[in-house]
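> okay, predicted coordinates and the sequence, questions at the end:
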There are 2 protein chains.
Amino acid sequence: MRIPAHSVCTAIRDDIVAGVHGRGSRLTEEILARRYGVSRVPVREALRTLEAEGFVVTRRHAGACVAEPTEQEAADLLETRTLLEPLGASRAARRRTEAHLKVLRGLVRLGQERARQSNGEDLRPLGGWFHETLVRAAGSPSLAALLTQLRHKIAWMYVQEAPAGPVQHWAEHGAIVDAVARGDSERARALMTLHTERSASAYRLRFAPGGGLTERVRNAQHSVNTAGLLQ
Amino acid sequence: MRIPAHSVCTAIRDDIVAGVHGRGSRLTEEILARRYGVSRVPVREALRTLEAEGFVVTRRHAGACVAEPTEQEAADLLETRTLLEPLGASRAARRRTEAHLKVLRGLVRLGQERARQSNGEDLRPLGGWFHETLVRAAGSPSLAALLTQLRHKIAWMYVQEAPAGPVQHWAEHGAIVDAVARGDSERARALMTLHTERSASAYRLRFAPGGGLTERVRNAQHSVNTAGLLQ
DNA sequence: CAAGCGAATAGGGAATACCAAAAGCCCCGA
DNA sequence: TCGGGGCTTTTGGTATTCCCTATTCGCTTG
């Protein structure tokens, strides 16, 4: 599986989010390098980036492991998003361009259509794109980076159940875009607050809600992962 | 100036915040390596980290430059902090340990003392330590990392004027710690909201508020920096 | 037999050398 | 004066090497 070296970071992150590298599993530079078909240096750079993003933890001379966020951290993640997403919406209402509006309206149109017909899984990525473009319309790269990181982590720790009312869900998206189009930043913020609070209930923790995995099981999983990497 | 290679990242970040590497100035790997007395590899890793943190921007095959945040981004930074700091306070109220409380009370005691006597600059770091320990008491490493990054960036882009009423300022700190000690998360959040909103007015943008520096001046500064690096 | 200590090993941290490719520049010519 | 082409600089990436530390396994000893 040879991968362009400059996107090793994305590849590893995706694999972590997808569960290929399990929580707490060891990330050996040599093995990663072979797995993605690059040398150790790009791997190390990627690991530094992922460490800064909070996906891996490193101890000096002891290498990198996939992080093991607690239930508390996972909860904070959702709450952080419910705080920042409205900020993005309000900023977007002030700074959006016509091009942004066009894309947003297209996404909403598509989403509402599909929500009415197929309540299937194919509108999950649409929701992601919607929020992604919205925060980009806010014209603040750092805020956008923050929120995309948050979404990545949330996708990692939570499994998003099919939203209870997809039509309602996308109606809210539409209302937000309307407020953004009118430049009504306060209404956009309020609507987004409601929206994120409502959709937060559709997220369920991925790992055992009780107390996490035992050491025995963790080590077993680790062996499995290592074996898989060596194939 | 030989520096342990594993802290090159911190060194560069500190230099950026301190203004040694000016906004938009070029960061050549070779020069950085010589400046900090390490080889290119640690420098490259550090640059990846700093890129993830938003302090530098890189274009493929065109190297790294110190970022040039717009006025908008700077404003968003302050607003983001006023949103996240209260979250940290409320979490701290639920999760703080006795050890945390002890340190916080000590800091407040010290700060209030110095605020009464010398309204000088020596209580600036105290404020930083206070907020730092408070967010660590929240027991959420990711939230703590987020807020420390925010503080670094704010220190980079803003010059903090001596707070108008240091006594009042530290009285608010005391009230927050009291709420945290009682486990009253909602009151801690509310107090912190007030506190951050109030202190936000003490920050003034570092760079020219009009339209930034001209290309001419920027290049001149760049030469100066380069000369300084080569000494 | 248990517990603790020490040696062996594996893996990360770092330096160095080297190459390819892309970007930026500088100069020359139209 | 402006545009294009070649040259140089610098980055991206690989390979190799050395050193150092954490871990682990086994041995010794109580």
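Great, that's in hand. Not measured: the values here are computed from a predicted model.

> what about chain A, any weak spots by pLDDT?
Along chain A, segments meeting pLDDT under 70 span A:119-120, A:163-164, A:208-231.

> DNA strand C contacts on that one?
A:26-30, A:40, A:44, A:58, A:60-64 (Cβ under 7 Å from any atom of the strand). All C-beta atoms are positioned from the backbone trio N, CA, C, and that covers glycine.

> in chain A, what residue is nearest DNA strand C?
Residue nearest to DNA strand C within chain A (Cβ to the nearest atom of the strand): residue A:63, separated by 2.9 Å.

> element containing residue A:118, please.
In the assignment (DSSP states H and E), residue A:118 maps to no helix and no strand.

> from residue A:171, how far out is it?
Counting by Cβ to Cβ, to the nearest Å, the separation of residue A:118 from residue A:171 is 17 Å.

> out of those two, which sits in the busier spot?
It is residue A:171, of residue A:118 and residue A:171, that has more neighbours when counted by other Cβ atoms under 10 Å in any protein chain shown, with 16 against 11.

> for the more buried one, which non-adjacent residue is closest in space?
residue A:112 (7.3 Å; Cβ to Cβ, 6 or more residues apart in numbering or on different chains).

> repeat for residue A:82
residue A:196 (4.3 Å).

> now do the SS call for that neighbour.
Here residue A:196 is helix, with the state taken from DSSP: H, G, I helix; E, B strand; the rest coil.

> now do it against residue A:70, distance only.
Distance check for residue A:196 against residue A:70: by Cβ to Cβ, it reads 22 Å.

> of these two, who's got more company?
residue A:196 (20 against 12).

> contacts only, for that one.
With contact taken as Cβ atoms under 8 Å, 6 or more residues apart in numbering or on different chains, residue A:196 is in contact with A:81-82, A:85-86.

> still on that earlier bit, the residue of chain A closest to DNA strand C contacts residue A:25, doesn't it?
No - between residue A:63 and residue A:25 there is no contact, the gap being 11.4 Å when judged by Cβ atoms under 8 Å.

> which of these two has more neighbours?
It is residue A:25, of residue A:63 and residue A:25, that has more neighbours when counted by other Cβ under 10 Å, with 21 against 14.

> phi, psi of the more buried one?
Dihedral pair for residue A:25: phi -70, psi 150, per degrees, to the nearest 10.

> ok, it to residue A:18 distance?
Counting by Cβ to Cβ, the gap from residue A:25 to residue A:18 is 13 Å.

> got the buried residues for the helix or strand hosting residue A:90?
Take DSSP H and E as the rule and residue A:90 turns out to sit in helix A:71-95. Buried residues in helix A:71-95, counting neighbours by 16 or more other Cβ atoms under 10 Å in any protein chain shown, are found at A:72-93, A:95.

> hmm, back to that, ok, now how distant is the residue of chain A closest to DNA strand C from residue B:171?
47 Å.

> near chain B, which residues of chain A show up?
Counting by Cβ under 8 Å from any Cβ of the partner chain, the residues of chain A lying close to chain B are A:6, A:9, A:41, A:44-46, A:48-49, A:51-54, A:60, A:69, A:72-73, A:76-77, A:79-80, A:83-84, A:87, A:91, A:95, A:138-143, A:145-146, A:153.

> give me the subset of those residues that also touch DNA strand D.
When Cβ under 7 Å from any atom of the strand is taken as the criterion, the members of the residues of chain A next to chain B that contact DNA strand D are A:6, A:41, A:45, A:60.

> of those residues, which is the most crowded?
residue A:45 (22 neighbours).

> now do the same contact list for the closest residue to that one other than its chain neighbours.
Excluding the flanking residues, the one nearest residue A:45 by Cβ to Cβ, 6+ apart is residue B:48, at 4.5 Å. In this structure, residue B:48 makes contact with A:9, A:45-46, A:48-49, A:52, judged by Cβ under 8 Å, 6+ apart.

> does residue B:48 lie in a helix or a strand, and which?
Using DSSP H and E, residue B:48 falls within helix B:40-53.

> buried set for that helix?
Under the neighbour-count criterion of 16+ other Cβ under 10 Å, helix B:40-53 has B:41-53 buried.

> right, and the helix or strand after that helix?
Beyond helix B:40-53 on the C-terminal side, the first helix or strand identified by DSSP H and E is strand B:56-59.

> now the strands: where do they sit in chain A?
Read by DSSP state E, chain A holds these strands, from start to end of the chain: A:26-27, A:56-59, A:63-66, A:158-160, A:203-205.

> adding distance to residue B:128, write those strands out as CSV.
Formatted as CSV, the entries for the strands of chain A read as follows, by distance: least, Cβ to Cβ, whole Å:
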stretch, distance to residue B:128
strand A:26-27, 33
strand A:56-59, 24
strand A:63-66, 29
strand A:158-160, 33
strand A:203-205, 34
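
> looking at these, which is closest to residue B:184?
Ranking these by proximity to residue B:184 (Cβ to Cβ) places strand A:203-205 first, at 27.2 Å.

> and that closest one, what does it pack onto?
Counting contacts by 3 or more Cβ pairs under 8 Å, 6 or more residues apart in numbering or on different chains; DSSP states H and E, strand A:203-205 is packed against helix A:71-95, strand A:158-160.

> list the neighbouring strands of it plus their orientation.
If you go by DSSP bridges, strand A:203-205 pairs up with strand A:158-160 (antiparallel).

> residues in contact with the partner strand?
Here strand A:158-160 makes contact (Cβ under 8 Å, 6+ apart) with A:74, A:78, A:124, A:202-206.

> hmm, which two among those are most spread apart?
A:74 and A:124 (19.4 Å).

> look up the closest residue to the residue nearest to the spatial centre of chain A, ignoring the ones flanking it.
With distances taken as Cα atoms, centre = their mean, chain A has residue A:152 as the residue nearest its mean C-alpha position (1.8 Å). Closest residue in space to residue A:152, ignoring its immediate chain neighbours: residue A:17 at 6.0 Å, by Cβ to Cβ, 6+ apart.

> who's in contact with the one you found?
For residue A:17, the contact set (Cβ under 8 Å, 6+ apart) comprises A:152, A:155-156.

> about what we covered before: name the helices or strands packed onto the helix holding residue A:90?
So helix A:71-95, by 3+ Cβ pairs under 8 Å, 6+ apart, packs with helix A:124-137, helix A:141-157, helix A:166-182, helix A:185-200, strand A:203-205, helix B:71-95, helix B:141-157.

> any of the contacts of strand A:158-160 buried? List them.
Here the buried ones among the contacts of strand A:158-160, as counted with 16+ other Cβ under 10 Å, turn out to be A:74, A:78, A:203.

> quick check: the second one vs residue A:207, distance?
According to Cβ to Cβ, residue A:78 and residue A:207 sit 15 Å apart.

> and for residue A:4?
Between residue A:4 and residue A:207 the distance is 32 Å, computed by Cβ to Cβ.

> repeat that for residue A:7.
Remark: distance between residue A:7 and residue A:207 (Cβ to Cβ) = 28 Å.

> now residue A:62
Shown here: residue A:62 relative to residue A:207, a distance of 23 Å by Cβ to Cβ.

> okay, those two: which has more neighbours?
Between residue A:62 and residue A:207, residue A:207 has the larger neighbour count (other Cβ under 10 Å), namely 16 against 8.
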